[in-house]
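Peer 1: Could you look at this predicted model? Sequence included:
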Amino acid sequence: MGEIEFSREQMNNLKNSRIGGDEGENAGAAGKKTVDFGWDPCGTNLARGTRLRVEKDGMTAWLYLAPPDNGQTYTKNELITYLERNGVITGYHSSNLSAMIKKKVYEREILVAKGKEVQKGKDGWFEYLFTPEEYGVPKIREDGTVDYTSMSALHNVHSGEKVAVYHHAEPGSDGYTVRGVEVKAKAPKELLPLRGKGVERVGDEYFAQTDGKIEAKNGKIDIQKVHEVAGDVTLIVGKVEFFGDVIINGNVENGVVIRSGRNIEIHGTAGSATLIAGGDVIISRGIQGGGSISAKGNVFADFIENTTVVAGGSVQSNTILNANISAEDKVITTGKKGAVIGGYVHGFKGIEAMTAGSDAEVKTILHSGYEQRSYERYLELRRKESELKDKLADLSDGSRDKRMGGFGMSMAAEIRMVEQDKIKESLAEELGKIRDEKEMLEILMEESQGAYIKVDGNIYRNVVIGVNVEQLTLNRGTGFMIYTADNGVLEGNVIVH
């Protein structure tokens, strides 16, 4: 073939031109912007129409080979020469190039070169030699109920025990494009040493300095002292107070008060006791008899009966019977039965149960979202805000008129003016407090928009469903329903499995 000569500028323009990828069997991903050098401009013996396509990232090159003239054949060296002259200098797919020659693969794109992908490194990481999760996983019994005895918020360690090992970052490997351009691997990150209490660092290993409960959170390890009672807590003991975790390996009798700065675990039953926790409460065998639980975290119990529960997190139980429950997150009855019967159950974000109410048609109230009292308080604050604004406006107008009166104001008038200014300051301060509380309630109402009540089984007559201020008393049984509130309307939809 005749040789066509190009100036250096023309060659650079050809090499830098970018056009859309060609369609063709074995072609790269469709739609990617690619570099196409057109037909052979470099003086090889390849026929007109031969073209090379290099992906924009430079990682693959595809050759479209036009049939040779006059029954001639190509050689593998000719193809490699063509690739080299067009800037593809490494990563050749040797077997594909050989096959194109041997099998005379013409007029379709074939992968002829591939760069080396960057191998990512691995950031440094800590290996914990204990379970850093907050709880063990409860077991499901054969009857479908949940066994809360398998749960624990505690993982105890002993002094001198190895608790963690740091593994340093592992570097990756660099790559390259088919043009021989090196692609650097991103340098992995090392982590800062672990912080915390009761732990000693020796090189890359960490050891417990004391016996106690270990926790790992946010790059910090803490070992806390635990107060553990071997048996029951009776009225003879009366009260248990501890700044850390409290573990009761027996039952808690009526009248007992347990106050913990962190978590409370009772591995038996609790009667009419008072439990106050700065963290979570776990009762393996449940609670009954008119007691109360106040937890800043979650509450887990096999059953909750005739008990008042206030939780800053979620409440989970197999059965809730005639209880008064309020959770800032969700209330969930677990297991095959998963029943809520009687009482008042409020989960701000939602309630999930298998059964609501009973054949005896016991009044059972389920509520999610913001409560009626919050809405009434919001309306009251709006009314007070309006009244205070009017009073302030009247005082401001009166003061302005008097000040515009000019000279000659009597001493008594000046004293009254000062008194009015003090009243205005007091009213403005009260107005600020009202607005702050009103804003908090508005945020509460906004956050309650996704509240729901889901019953994945029977819902009996005389169950009251409430979402925000909307309420519905069921006058007949139903089931498999999810209730939400939309624009002031309570909506019930069938659960589709």
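Peer 2: Looks like it arrived, so ask away. Numbering: from 1, shown residues only.

Peer 1: Let me see the contact set for T319.
Peer 2: For T319, the contact set (Cβ atoms under 8 Å, 6 or more residues apart in numbering) comprises 286, 302-305, 333, 337-339, 341. Just so you know, the C-beta spots here come from the backbone N, C-alpha and C atoms, and that holds for glycine as well.

Peer 1: Which one (most neighbours) among the residues you listed?
Peer 2: Highest neighbour count within the contacts of T319: I304, with 33 neighbours (other Cβ atoms under 10 Å).

Peer 1: Could you give the bridge partners of that one?
Peer 2: Beta bridges link I304 to I287, I320 when assigned by DSSP bridges.

Peer 1: show me what contacts it?
Peer 2: I304 touches 286-288, 315, 317, 319-321, 323, 325, counting by Cβ under 8 Å, 6+ apart.

Peer 1: Repeat the analysis, applying 6 Å as the threshold.
Peer 2: 287, 317, 320, 323 (Cβ atoms under 6 Å, 6 or more residues apart in numbering).

Peer 1: G87 too?
Peer 2: R179 are the contacts of G87 under Cβ under 6 Å, 6+ apart.

Peer 1: Wasn't it part of a helix?
Peer 2: No - in this structure, G87 is coil, not part of a helix, as judged by DSSP: H, G, I helix; E, B strand; the rest coil.

Peer 1: Can you report how many residues neighbour the nearest residue to K184 once chain neighbours are set aside?
Peer 2: Once flanking residues are discounted, K184 sits nearest to D174: 5.5 Å by Cβ to Cβ, 6 or more residues apart in numbering. Per other Cβ under 10 Å, the neighbour tally for D174 reads 12.

Peer 1: which residue is nearest the centroid of the chain?
Peer 2: D329 (14.2 Å; Cα atoms, centre = their mean).

Peer 1: Distance check, it against G261.
Peer 2: 21 Å (Cβ to Cβ, to the nearest Å).

Peer 1: where exactly do the helices run in the stretch 1-150 of the chain?
Peer 2: All helices of the stretch 1-150 of the chain, identified by DSSP state H, counting those that start in this stretch, fall at 8-16, 76-85, 94-102.

Peer 1: how about low-confidence regions in the stretch 251-400 of the chain?
Peer 2: Residues of the stretch 251-400 of the chain meeting the criterion pLDDT under 70: 398-400.

Peer 1: quick one: the helices in it?
Peer 2: 372-403.

Peer 1: coming back round to it: could you single out the nearest of the contacts of T319 to R108?
Peer 2: G338 (61.9 Å; Cβ to Cβ).

Peer 1: and the gap between the closest residue to that closest one other than its chain neighbours and D204?
Peer 2: Counting by Cβ to Cβ, 6+ apart, G338 lies nearest to M354, which is 3.1 Å off, once chain neighbours are set aside. According to Cβ to Cβ, M354 stands 49 Å off from D204.

Peer 1: coming back round to it: any idea how far the residue nearest to the centre of the chain is from I434?
Peer 2: D329 is 28 Å from I434, by Cβ to Cβ.

Peer 1: What mean pLDDT does stretch 97-106 get?
Peer 2: Averaging pLDDT along stretch 97-106 gives 94.

Peer 1: for it, how far is the first residue from the last?
Peer 2: Stretch 97-106 stretches 12 Å from its first residue to its last (Cα to Cα, to the nearest Å).

Peer 1: Same check on stretch 159-177?
Peer 2: Stretch 159-177: ends 54 Å apart by Cα to Cα.

Peer 1: list the buried ones in that stretch?
Peer 2: 161, 163-164, 166, 172, 175-177 (16 or more other Cβ atoms under 10 Å).

Peer 1: Ignoring the adjacent residues along the chain, who's closest to G198?
Peer 2: Nearest to G198 is I223, by Cβ to Cβ, 6+ apart, at 3.2 Å.

Peer 1: mind listing what that neighbour touches?
Peer 2: 198, 208, 210, 212, 214.

Peer 1: May I see the ChimeraX selection of the buried members of those?
Peer 2: The buried subset of the contacts of I223, as determined by 16+ other Cβ under 10 Å, is captured in ChimeraX by this line:
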select :198,208,212,214
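
Peer 1: just the contacts of I223: which has the poorest pLDDT?
Peer 2: Lowest pLDDT among the contacts of I223: G212, 78.

Peer 1: So that residue sits against D222, correct?
Peer 2: No - counting by Cβ atoms under 6 Å, G212 stays clear of D222, with 8.9 Å between them.

Peer 1: Burial check on G291, number of neighbours?
Peer 2: Other residues lying near G291 total 23 when counted by other Cβ under 10 Å.

Peer 1: Also R179?
Peer 2: Residues near R179, counting by other Cβ under 10 Å, number 19.

Peer 1: give me phi/psi at it?
Peer 2: phi -90, psi 0 (degrees, to the nearest 10).

Peer 1: One more: L431?
Peer 2: phi -60, psi -40.

Peer 1: try E447
Peer 2: Torsion angles, degrees, to the nearest 10, at E447: phi -70, psi -20.

Peer 1: I would like the residues contacting stretch 67-74, please.
Peer 2: 47, 101, 106.

Peer 1: The first one - nearest residue in space that isn't next to it in sequence?
Peer 2: Closest residue to A47 in three dimensions, ignoring its sequence neighbours and counting by Cβ to Cβ, 6+ apart: A66, at 4.1 Å.

Peer 1: And for the one you found, the neighbour number?
Peer 2: There are 15 residues near A66, going by other Cβ under 10 Å.

Peer 1: neighbours around V467, how many?
Peer 2: V467 has 26 nearby residues by other Cβ under 10 Å.

Peer 1: now swap in G203 and tell me
Peer 2: By other Cβ under 10 Å, the residues close to G203 number 7.

Peer 1: quick one: it from E161, how far?
Peer 2: For G203, the distance to E161 - Cβ to Cβ - is 16 Å.

Peer 1: Hmm, A164 is touching E205, no?
Peer 2: No - using Cβ under 6 Å, A164 is not in contact with E205, being 7.3 Å away.

Peer 1: Which helix or strand contains L444?
Peer 2: Using DSSP states H and E, L444 sits within helix 411-447.

Peer 1: List the contacts of the helix or strand just after that helix.
Peer 2: Once the chain leaves helix 411-447, the next helix or strand it forms, by DSSP H and E, is strand 452-459. Residues outside strand 452-459 that contact it (Cβ under 6 Å, 6+ apart) are 350-356, 366, 368, 465, 478-479, 481-484.

Peer 1: Provide the secondary structure category for the closest residue to E205 other than its chain neighbours.
Peer 2: Nearest residue to E205 in three dimensions, chain neighbours excluded: V165, at 5.4 Å (Cβ to Cβ, 6+ apart). Counting by three-state DSSP, the backbone at V165 sits in strand.

Peer 1: Distance of V165 relative to R259?
Peer 2: Using Cβ to Cβ, V165 is found at 37 Å from R259.
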